[in-house]
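Participant: sequence and predicted model, in that order:
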Amino acid sequence: MNVAETYVALALGLLDPCSLPPMVIFLYDNQQWCRDTRRLAIARALEDNGYHNVSKAMQVIYANENNEQYQKQYDNLINERIPAMERKKFNGKNVKISDKKGSTCCFNNQCMSLFRDDIIEHVAIEHLHITPNDLVSLGEYYCEECGTLTQLQLVRKGSKKQRKSYTIQRECGCGDDQRIELPWQQVSLSTVCDELREYKENQP
């Protein structure tokens, strides 16, 4: 999923925020720096739009130059990324939208917020060719086992090998899981919608 699709999936509860890789935060020059800028931008957008529980559930790791596990990332940040930003006159606090890697239709041209105000409706209609209500309802599921309306959600869980792909599970904990047979990085929101439809169709 791209940045906008990931935001929508998180906002609608289709994606478990804990299933995203953690954001690694470094302290350098009395400031906090994050290398995982896409996830950070998504977290900030979720917070700005009232999805506080979702943004707070996203994983964060605080590391320093003495942490051997993140030493290479720290060195890359201070020796390459920050100098590159300074050469381009970026301050590290704002997001610059570029069309060099794809369409920018999901973003706010005025830069007051990362995404356009109607991002969920836009993604549903223009990207997925379904109504916003249909997109929302894909994640809703009435569980016969516990008699509750629950949420279907993509998670990464289990062994290291199993965590390489998403699994659809019910938030209530009932029923069988359904694994998506693609690496999690290759799953688009369109694929998610297809898999959710199939999951519902296969339930007794």
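Facilitator: Okay, I see it.

Participant: and Glu5, how many neighbours does it have?
Facilitator: Glu5 has 20 neighbours, counted by other CB atoms under 10 Å. All C-beta spots, glycine's among them, are computed from the backbone N, C-alpha and C.

Participant: confirm for me that it is in contact with Val123.
Facilitator: Yes - using CB atoms under 8 Å, Glu5 is in contact with Val123, at 6.6 Å.

Participant: give me the common contacts of the two.
Facilitator: Jointly contacting Glu5 and Val123 under the rule CB atoms under 8 Å, 6 or more residues apart in numbering are Leu189.

Participant: how about whichever strand in the chain runs longest: buried residues?
Facilitator: With secondary structure taken from DSSP state E, the chain has its longest strand at strand 148-155. Residues of strand 148-155 classed as buried by neighbour count (16 or more other CB atoms under 10 Å): Thr150, Leu152, Gln153, Leu154, Val155.

Participant: what of stretch 49-67?
Facilitator: Under 16+ other CB under 10 Å, the buried positions of stretch 49-67 are Asn49, Tyr51, Val54, Ser55, Ala57, Met58, Ala63.

Participant: wait, doesn't the second one sit right on Leu10?
Facilitator: It refers to Tyr51. Yes - counting by CB under 8 Å, Tyr51 touches Leu10, with 7.1 Å between them.

Participant: from Cys174, how far out is Ile82?
Facilitator: From Ile82 across to Cys174, the span is 48 Å (CB to CB, to the nearest Å).

Participant: what do you get for Leu10?
Facilitator: For Leu10, the distance to Cys174 - CB to CB - is 23 Å.

Participant: neighbour count winner among these two?
Facilitator: Neighbours of Leu10 and Cys174, each counted by other CB under 10 Å, are more numerous for Leu10; the result is 24 against 15.

Participant: wait, doesn't that one sit right on Leu46?
Facilitator: Yes - Leu10 is within contact range of Leu46, at 6.3 Å (criterion: CB under 8 Å).

Participant: list residues touching both of the two?
Facilitator: Joint contacts of Leu10 and Leu46 (CB under 8 Å, 6+ apart) are Val54.
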